[in-house]
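Enquirer: compute the structure for the input listed below.
(one chain, ligands or ions: 1)
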Amino acid sequence: MAALHVVQITDFHIRAEPGARSGGRDTHATLAAVIDAIAAGPAPDLVLATGDLVDDASPASYGRLAPLLRRLPAPVHAIPGNHDDPAAMAQHLAGGNVHVGPCVAAGAWHVVLLDTLVPGEPHGHLGPERLAALNAALAAATEPHLLIALHHPPAPIGSPLDDVGLMDAEALNAVLDRHQRVRAMVWGHNHHIHDSTRNGVRRLGTPSTCIQFDARPEMGFTRTAEPPAWRRLTLHEDGSLETEVCWLTDAAV
Ligand SMILES: [Fe+2]
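Expert: Have a look, this model is predicted:
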């Protein structure tokens, strides 16, 4: 069985008005350029879209986003971020190759998409019900290796956005510690790179397809000059993985 090739894209912040900018960048144009770059490279088996897909949760924004995601040469599995509305995602984004769903199995890997959204709040929280569902999903998966995708980082990571992170990260860790097959977690939210390991689980934060923030906590919400980005992951049959963040260095952004 061949390795599974996954692309993660996150924090598009698409807005309803054509030409709308965030931090000086046209977020629709930067996502379009990222998707063109992904489509020009080796085709992934799976694309994970990890929240803040739009900026204003409006049907019109999802309507502008949908045709862009349809251009990706692979199934796209999306979860909401704090700027999203899950009901609007299901109604105006899902369809064709785009799915709003909790799990997908492919080869030796099982990917769990975890919704951390608290409606109307910037921080994330899982609560007992979603943690129980996660525990059940991890136990039920028959594949030998598990990857979890979520919007909020699964722990304070020394970021300016720690105050609006996942509020019950310790409860999440307690669930993860019951399962020995979780190999990695990927998220967005912070608009900067993170790479660490906890109890054998690789923890990967991925920059945005639009603007990035300085990772130093004392910097607050300070934009960097870094270009739009996405992440590639190669998930091997033996549970090991390789990953890189790709930067859109050749685009006029
Ligand atoms: Fe974001």
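Enquirer: I figured G205 was touching W187, is that so?
Expert: Yes. Using Cβ atoms under 8 Å, G205 makes contact with W187 at a distance of 5.6 Å. Where you see a C-beta, it was placed from the backbone N, CA and C, and this is true even at glycine.
Enquirer: residue contacts, the residue nearest the centre of the chain?
Expert: By Cα atoms, centre = their mean, the chain has its centre lying nearest to T50, at 2.3 Å. Residues near T50 by Cβ atoms under 8 Å, 6 or more residues apart in numbering: 8-11, 79, 81, 149-151, 186-188, 206.
Enquirer: which residues does the helix-or-strand element of the chain with minimal mean pLDDT contact?
Expert: Sorting the helices and strands of the chain by mean pLDDT, DSSP states H and E puts strand 103-106 at the bottom, at a mean of 84. For strand 103-106, contacts defined as Cβ under 8 Å, 6+ apart pick out 4, 45-46, 75, 77, 110-113, 137, 141-143.
Enquirer: that strand: which residues count as buried?
Expert: Buried residues in strand 103-106, defined by neighbour count with 16 or more other Cβ atoms under 10 Å: V104, A106.
Enquirer: and what of stretch 141-150?
Expert: A141, H145, L146, L147, I148, A149, L150.
Enquirer: okay, now the spatially closest residue to the last one that is not a sequence neighbour: neighbour count?
Expert: In this case it means L150. Spatial nearest neighbour of L150, excluding adjacent residues (Cβ to Cβ, 6 or more residues apart in numbering): L114 at 4.1 Å. L114 is flanked by 25 other residues according to other Cβ atoms under 10 Å.
Enquirer: could you do T222 as well?
Expert: T222 has 12 nearby residues by other Cβ under 10 Å.
Enquirer: for A215, see how far away it is.
Expert: T222 sits 10 Å away from A215, going by Cβ to Cβ, to the nearest Å.
Enquirer: again with A37
Expert: Counting by Cβ to Cβ, the separation of A37 from A215 is 23 Å.
Enquirer: which one's more surrounded, the two?
Expert: Neighbours per residue (other Cβ under 10 Å) separate A37 from A215, with A215 holding more: 20 against 17.
Enquirer: which residues does H194 bridge with?
Expert: According to DSSP bridges, the residues that bridge with H194 are G205.
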